[in-house]
Every structure is written in structure tokens, then in C-alpha cells.
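> output the structure for:
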Amino acid sequence: MYSRSPVVKIKWILLLGFIAGISLEATAQDTLVKPQKRKISLHDSLDHAIDFSDFMIDAHGFIPIPILITEPALGIGGAIAPVMLHKRHQPANFTKHKNMAAIPPDVTGGFGFYTATKSWGVGAGRSGTIIPWGLRYKVFAAYLDMNLDFYKTLPIKGETEFGVNLKTIPVFLQAEKQLGFSNWHAGLRYIFTKTTAKLEKSILPDSLFKPKEMDNLSSIVGVLVEYDKRDNSFTPSKGTKLHVGGNFSNHIFGSDFDYTNVEAYAYHYIPIGHKKKWVCGLRVDMQEVFGDIPFYFKPSIDLRGIPKGRYQGDVNMLVETEQRWNIVRRWSAVFFTGVGKAFDDYSDFGSASWDYSYGTGVRYLLARKFGLYMGADVARGPEQWGFYIQFGSAWLK
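Sure thing, here's the model as predicted:
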């Protein structure tokens, strides 16, 4: 469940949705004086606009965040996500290393969701940093019951749509070690999934599917290397993130499938102009799988305007750009376009179609002290329009 297949990407949509709707624990107060209860304001002290920064800082414990689900593959729905975030600071011996990026905040949260396709799920996770060890970690577990559409190309009928009910229990563990006083990290991950699948409203014969695709265990060990020097974890305005990873599903680890996934992606943000009112974002993403992989775990093109799982292949590559224009202090407009290609063999590269999307959106600076924007996008893909609610960047991986 690491290759950002339809199932994986939907899991991250939900997980990142509540991570993006953040809250921050209050700082410690003087223990010698009984603290006075502070009135929490939803207005910024500078421009008096609606702003959640102080609310996040002064709130204690978990804050329930309501989320509107608009992903076409899942259908319209809603989620509730109790979230708590704890800000981390660089230790004193790090301050002399000026080029080091800020330590991401610790995030603890859960979620529950339901959509119009009768898909539902619950889960919980945590990401954090053990500063003395220079170690970042992520832990996540969930139960998901989802009704999704997939596509197969048949010799006579051509491309055929079929529905699948997926019940899956994913468990995700990851640890990354900082390499010296740098922005590089290297680490390991482990993914376990228990999955059962059932064909729904399908005219396809069962013989087209392997029996173990309908009931299986996946046990996956992965390695990764990352470089991250973005100025903000939620809505970056400058900096770069690079990621290269390899993930291995094998009978040795107790998996029912033997396959390997290789993935690489890069984000780069460039502020333009004297007042940095324009931010140019660039994204490149590529992944490839080798071996015997269930059809629902195959990588698919991940662009706004294209439903998750619509275009799948053993090889998947895309490029995308997003331009953000900070029109006034709080409000921004975004314009984006991207193109991707999915195919099973490099001999099919020439005949495989380039699948494109484009769109626009609006952003509001919801929490100035954290650089967190929220907004909405409308996007057009090769076949349909899509509408998306965004918390932070659309590129959160």
C-alpha cells in the first residue's frame, strides 16, 4: 500500500486532510503565578481578519475538524478528524547551521468518514520527531470499507468499467534518521494490509482475476531517502523536496504477493517578484512496479480532475505545475496544469495516451503564523470535472 495506488491515495487524502487542519498546543505558562484564562480570538492582531492562528496556539487537547470529501472516486461525503499538533524547535546546537529546515510539528489524530458511495472508514495516526536521536517517525492504522470503480482493457470489448468493494486493514510504520546536520534523511518503512475484495455490478468473469486478489495479506518492507528544505510543511512558498524509495512485498516477509515498487518524486517552489507575490510550483513524479501486484494496488495517475484509479499501469509518470498569485494579504488565486502517462511496458510508451488536467482555485490564509492556506479547486481531466477542498498544499506526500 505504498505505491500511491487508488486505495493508498485515498488513505492519504483522509490522513493528510486532518493533518492539514491543524491545531497547536499552548506554550507553558509561569508556574509561580496562577494563569488567567485567555480569551481565544478568531481574528488576527495585525489586520483583524479571520485567522485561526491564536485558536490553534491556545487550544488544549484535540480539536474536532470537519472535512468535506469531494474526491470523485469516493463520492461526496464527510469526515470528522480530531487532531492535536505540537510545535517543535531546533535545539541550541542546531542554530549555527543556517541552512537547516525547521523541524516539522508532531501531529496526533484520528478520522472517521462516510460518502455517497456507502464507503466508510476509521483510523488514527501520529507523526513526530525524537530530536536527540534525529529520528522522524510515522505510525498509522485504519479500517476501510470502500466501493470503487476500476477499468480493464479486454481484447474485444475494449476498456470495461467494473465495481469492487474493498475491505482493508492497513498498518503503516516509518522511521527516518537525519544524516548529520543536513536536510537529508534515510529510513525504513513497513506496511501490513489485510484485504478482501468483492466484485460489484460487474459483467467480467471471475477468471480474469486471481483468487488471491480477493483475499490476501501484504507484508512490505521499504527503504527511502529524502531531502526536504521547504520553508513550510503545509503551504510552501520556496524550497525543494526530493524523495526516492524502494518497497518490497515478498513471501519471506509473510506476503501473499511478490513484487517490488520503485518511486521517486520532486517538488520545487520558486518565489517570483520583489514582494514574492507569485509562487511557481513544479512537480515531477514517477513510479514503477515489478512482479505480481493486485490490480487495486497498481499505481495510477494522481492529478486533480482525474479520479483515483482511472488510469493505472505498472509504470506511471507525470509532471505538474501550480502557480499561486498572492493577490492581497489574505487571498490568493491558483492555476495548475499537469500531464501523465500510465502503461504496463516501455514498449507501450508511444501508444499510451498522455492524460492531462488543468484547473484553477482560490486560497485564503487561514493561519498566518503557520503559513497555512485553505481553499477550493475546480479541475478538468480528459473525461470529467472535479471539485476539491484543499487544506494546505495539494502536494502533501
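> show me where the stretch 151-300 of the chain has strands.
158-178, 184-200, 215-228, 239-249, 259-272, 278-291 (DSSP state E, counting those that start in this stretch).
> just checking, what packs against the shortest one?
This points to strand 239-249. strand 184-200, strand 215-228, strand 259-272 (3 or more Cβ pairs under 8 Å, 6 or more residues apart in numbering; DSSP states H and E). Where C-beta positions appear, they are placed from N, C-alpha and C, glycine not excepted.
> repeat that with 6 Å
Strand 239-249 makes packing contacts with strand 215-228, strand 259-272 when contacts are defined by 3 or more Cβ pairs under 6 Å, 6 or more residues apart in numbering; DSSP states H and E.
> let's have those strands in TSV, adding distance to residue 365 and mean pLDDT.
Below are the helices and strands packed on strand 239-249 laid out as TSV (distance: least, Cβ to Cβ, whole Å; pLDDT from 0 to 100):
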stretch	distance to residue 365	mean pLDDT
strand 215-228	23	97
strand 259-272	15	97
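> so which of the ones you listed gets nearest residue 76?
Nearest to residue 76, of all these, is strand 259-272, at 28.7 Å by Cβ to Cβ.
> CA-only coordinates of that closest one in PDB, if you can.
In PDB, the C-alpha atoms belonging to strand 259-272 read as follows (Å, rounded to 0.1, in the frame of the first residue of the first chain):
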ATOM      1  CA  TYR A 259       6.500  -7.500  -6.200                       C
ATOM      2  CA  THR A 260       8.800  -4.500  -6.000                       C
ATOM      3  CA  ASN A 261       7.900  -0.800  -6.200                       C
ATOM      4  CA  VAL A 262      10.300   1.900  -7.100                       C
ATOM      5  CA  GLU A 263       9.200   5.500  -6.600                       C
ATOM      6  CA  ALA A 264      10.700   9.000  -7.000                       C
ATOM      7  CA  TYR A 265       9.200  12.500  -6.800                       C
ATOM      8  CA  ALA A 266      10.400  16.100  -6.500                       C
ATOM      9  CA  TYR A 267       8.700  19.300  -5.600                       C
ATOM     10  CA  HIS A 268      10.300  22.700  -6.100                       C
ATOM     11  CA  TYR A 269       8.900  26.200  -5.200                       C
ATOM     12  CA  ILE A 270      10.200  29.400  -6.500                       C
ATOM     13  CA  PRO A 271       9.100  32.800  -5.200                       C
ATOM     14  CA  ILE A 272       8.900  35.400  -8.000                       C
END
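> what does it rub up against?
Strand 259-272 is touched from outside by 3, 236-249, 278-293, 395, with contacts defined as Cβ atoms under 6 Å, 6 or more residues apart in numbering.
> can you list the helices and strands packed on strand 239-249 in a markdown table and add mean neighbour count and distance to residue 337?
Shown next, in a markdown table, are the helices and strands packed on strand 239-249 (neighbours: other Cβ atoms under 10 Å; distance: least, Cβ to Cβ, whole Å):
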| stretch | mean neighbour count | distance to residue 337 |
| --- | --- | --- |
| strand 215-228 | 18 | 25 |
| strand 259-272 | 18 | 16 |
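> buried ones among the contacts of strand 259-272?
3, 236-243, 245, 247-249, 279, 281, 283, 285-289, 293, 395 (16 or more other Cβ atoms under 10 Å).
> for the spatially closest residue to residue 271 that is not a sequence neighbour, give me the pLDDT.
Nearest residue to residue 271, sequence neighbours excluded (Cβ to Cβ, 6 or more residues apart in numbering): residue 238, at 5.0 Å. We have a pLDDT of 94 for residue 238.
> which residues touch residue 238?
By Cβ under 6 Å, 6+ apart, the neighbours of residue 238 are 231, 269, 271.
> and residue 354, how far is that from residue 344?
Distance, residue 354 to residue 344, by Cβ to Cβ, to the nearest Å: 16 Å.
> what about the two, which has more around it?
Between residue 354 and residue 344, counting by other Cβ atoms under 10 Å, residue 344 is the more crowded of the two (14 against 10).
> just give me the neighbour total for the closest residue to the more buried one other than its chain neighbours.
Counting by Cβ to Cβ, 6+ apart, residue 344 lies nearest to residue 314, which is 4.6 Å off, once chain neighbours are set aside. By other Cβ under 10 Å, the residues close to residue 314 number 21.
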